[in-house]
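Asker: sequence and computational prediction follow.
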Amino acid sequence: MRFVFNPPADGAAELLDLPWETPLADWQVDSLVEVPTAGIHRHVVQFVETVAGIFVLKELPDDLVRREYNLLRDLAHDSIPAVEVVGACLEREGQDAILVTRFLAYSATYRRLLSTIQAGPQFDALIGAMVELLVRLHVGGYLWGDCSLSNTLFKLDAGDLEAYLVDAETMEHHHGLSDGQRQMDLDSAYERIGGELLDLEAGGLLDPQIDPVETADRVMERYRALWCEVTRDEVIPRDEQRYLIGERMRRIEELGFDVDEVELLPAEDGSKVRLRTRVADPGRWQRLLRSRTGLEVQDRQARRLLADIASFRAWLEQSTGRQVSEAAAATRWLVECFDPVVSEIPAELRGKRDEAEVFHEVLEHRWLLSERAGHDVSTSVAARDYFDTVLPDLPTGTIPVITDEIR
């Protein structure tokens, strides 16, 4: 029997005392917990809780565990949303291996979400998150192989939904994907997503206004539109290139991607140029916020918090009459803005949102209160009002709720 741990994983050592020599289905230990938000599993899965959090243990043949372990590490390296791999127990005599991942806190399965939400912005956000994840995978050269809602978890990210890949055992990683490989994933997505929604419809768990087949068609349309916008070349007039380049970059950024490189090439018509953009590696904003504050958040959250840091820096420079470095502004923002808000979250309400999402929603609430009052409302006042009037009424547990106010 051999253990392999992913170096960044915290709390993995606490798992060593578990009965690894016993079949996972037969475990009888006090640390086993039930997770009501867990989805349906094809393999034996157990949840273990330690002081470091909840871990997911999945029993698979050795070769599949090794494969999934390495692919989840690759996804983390490429900053593509996926569950965090913690380790693996291999070469268990006469038994399958066990893959260990960290439970994605504040997340929800599609079944839990779709049993509570209706057609409209919430459903559109779920489908959009799924499409964005698939495009990110394909841009990174990942063939999913089993694209479905069942293999995805959803989590709030600065008021929108982010989709996280859960199951990578069928995935392949290439330098790039051909159109045929991408179509394989699209065919799988069409069949699986349509079937999953039909299953919910048969069980009376789907809003009658949501048509499963129409939704599967819409996933295909949204994927092709997003893929085209992110990857296509564009021929533009030379005298309009500054404006059109800016417009192209803005559209891509609104879709949740960042532009890493813009290349202008000669077009057949000498009065025009060919515009080619290269999408940046995801996770840029996460890495930037981490380097300045040490905070580990999701990418949209990071972008929102960086914008607040920039606003705070401008206020500091205006109020002091001198320049303030980005590093100094970030440090003061963390101490004077972020930490005071999250430290005041009532203990009984902490399970409703992660700290970065709470801070984002407090900023949105501050804007609403300022609009109503006709003048700026301080973050501390907005936070107290949010904790008193908004957070208590949000669903308990991990079901993300998107409202027009939060968005």
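Answerer: That came through, no problem. Residues are numbered from 1 along each chain as shown.
Asker: distance from the chain centre to stretch 164-172, please.
Answerer: Relative to its parent chain, stretch 164-172 has a centroid offset of 14 Å by C-alpha atoms, centre = their mean, to the nearest Å.
Asker: first-to-last residue distance for that stretch?
Answerer: With C-alpha to C-alpha, to the nearest Å applied, stretch 164-172 spans 17 Å between its terminal residues.
Asker: buried sites along it?
Answerer: Within stretch 164-172, the residues scored as buried using 16 or more other C-beta atoms under 10 Å are 164-171. Every residue, glycine included, has its C-beta placed from N, CA and C.
Asker: so where do the helices sit in the stretch 1-150 of the chain?
Answerer: 62-77, 110-114, 121-139 (DSSP state H, counting those that start in this stretch).
Asker: for the ones you listed, which one sits closest to Ala330?
Answerer: Ala330 lies closest to helix 62-77 among these, at 24.1 Å (C-beta to C-beta).
Asker: compute the inter-axis angle for the closest one and helix 121-139.
Answerer: 100 degrees (axes from the mean of the first three to the mean of the last three C-alpha atoms, to 10 degrees).
Asker: give me the most central residue, the chain.
Answerer: Glu162 (3.7 Å; C-alpha atoms, centre = their mean).
Asker: using the three-state scheme, assign it.
Answerer: Classification of Glu162 using DSSP: H, G, I helix; E, B strand; the rest coil returns strand.
Asker: list the contacts for it?
Answerer: 81, 129, 154-156, 298-300 (C-beta atoms under 8 Å, 6 or more residues apart in numbering).
Asker: again, only using 6 Å
Answerer: 81, 129, 155, 298 (C-beta atoms under 6 Å, 6 or more residues apart in numbering).
Asker: for Val45, same thing?
Answerer: Lys58.
Asker: who does it bridge with?
Answerer: Lys58 (DSSP bridges).
Asker: how far away is it from Asp146?
Answerer: 16 Å (C-beta to C-beta, to the nearest Å).
Asker: check Ala189 too.
Answerer: Distance of Ala189 to Asp146, computed by C-beta to C-beta: 10 Å.
Asker: swap in Gly87?
Answerer: Distance from Gly87 to Asp146, by C-beta to C-beta: 23 Å.
Asker: and the two? which has more neighbours close in?
Answerer: Between Gly87 and Asp146, counted using other C-beta atoms under 10 Å, the more crowded position is Gly87 (22 against 15).
Asker: need the max-distance pair from the buried residues of stretch 164-172.
Answerer: Distance extremes for the buried residues of stretch 164-172: the farthest pair is Tyr164 and Thr170 at 16.5 Å, using C-beta to C-beta.
Asker: what about Leu265, how many residues nearby?
Answerer: Leu265 is flanked by 10 other residues according to other C-beta under 10 Å.
Asker: in which helix or strand would I find it?
Answerer: strand 259-266 (DSSP states H and E).
Asker: what's the domain layout of this protein?
Answerer: Following automatic domain parsing, one finds the domains of the chain at 2-102, 107-230, 232-279, 297-393.
Asker: if you average pLDDT over each of those domains, which is lowest?
Answerer: Of all the domains of the chain, domain 232-279 carries the lowest average pLDDT, namely a mean of 71.
Asker: check contacts around Met1.
Answerer: Counting by C-beta under 6 Å, 6+ apart, Met1 has contacts 91-92.
Asker: quick one: it and Ala13, what's the gap?
Answerer: Met1 is 16 Å from Ala13, by C-beta to C-beta.
Asker: and if you look at Gly159?
Answerer: 37 Å.
Asker: ok, these two, which is more surrounded?
Answerer: With neighbours defined as other C-beta under 10 Å, Gly159 and Ala13 compare such that Gly159 has more, 20 against 13.
Asker: what's the burial count for Leu16?
Answerer: Look at Leu16: counted by other C-beta under 10 Å, it has 11 neighbours.
Asker: quick check: pLDDT value at Trp285.
Answerer: At Trp285, the model reports a pLDDT of 82.
Asker: great, nothing more from me.
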